[in-house]
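Visitor: Just need the structure, nothing else, for what follows:
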Amino acid sequence: MDSASSNVPSNRKVAACRLASRPADLLVLARATRAQLAHATPQDLGTWIDGFDIALRREHSKSLLRHWSYDLNRHIALKVARDCLVTELSSRANKTKGQRKSRD
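Guide: Got it, this is the predicted structure:
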């Protein structure tokens, strides 16, 4: 039973790494509307945020190394999309806190 609980974060990391390595998938998520994000589970949002974090770190490293393939526009788009996902996740957390307080 202990091994099953330890696989959950690693599976999330694997999914995040796979997402970060596929720019087309990141592009789809970056262009997602708020209504489309509303249908995603919090676990999916967390995985997507992790994927964007990995891609942002990779892009930041390219920037520091002055690599020829660094693209400032891509860096900005990744950051904006990640911030949108974080906002969606935090707004859901605030809604559930508000609902819990109203029940008490």
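
Visitor: Identify the residues contacting the residue positioned nearest the centre of the chain.
Guide: The chain has I49 as the residue nearest its centroid, 1.3 Å off, counting by CA atoms, centre = their mean. When contacts are counted by CB atoms under 8 Å, 6 or more residues apart in numbering, I49 is found next to 82, 85-86, 89. C-beta: built from backbone N, CA, C; applies to glycine.

Visitor: and those residues as TSV, adding pLDDT?
Guide: Shown next, in TSV, are the contacts of I49 (pLDDT from 0 to 100):
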residue	pLDDT
R82	91
L85	89
V86	92
L89	89
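
Visitor: Out of the residues you listed, which is nearest to I76?
Guide: Checking the contacts of I49 against I76 with CB to CB, the nearest one is R82 at 10.8 Å.

Visitor: May I have the secondary structure class of the closest residue to the closest one other than its chain neighbours?
Guide: Counting by CB to CB, 6 or more residues apart in numbering, R82 lies nearest to F52, which is 3.9 Å off, once chain neighbours are set aside. Put simply, F52 is helix when judged by DSSP: H, G, I helix; E, B strand; the rest coil.

Visitor: who's in contact with F52?
Guide: 20, 26, 29, 78, 81-82, 85.

Visitor: Tell me which of those fall in helices.
Guide: Taking DSSP state H as the definition of helices, these contribute 20, 26, 29, 78, 81-82, 85.

Visitor: between the residues you listed, which has the most around it?
Guide: L78 (27 neighbours; other CB atoms under 10 Å).

Visitor: Alright, I will stop here.
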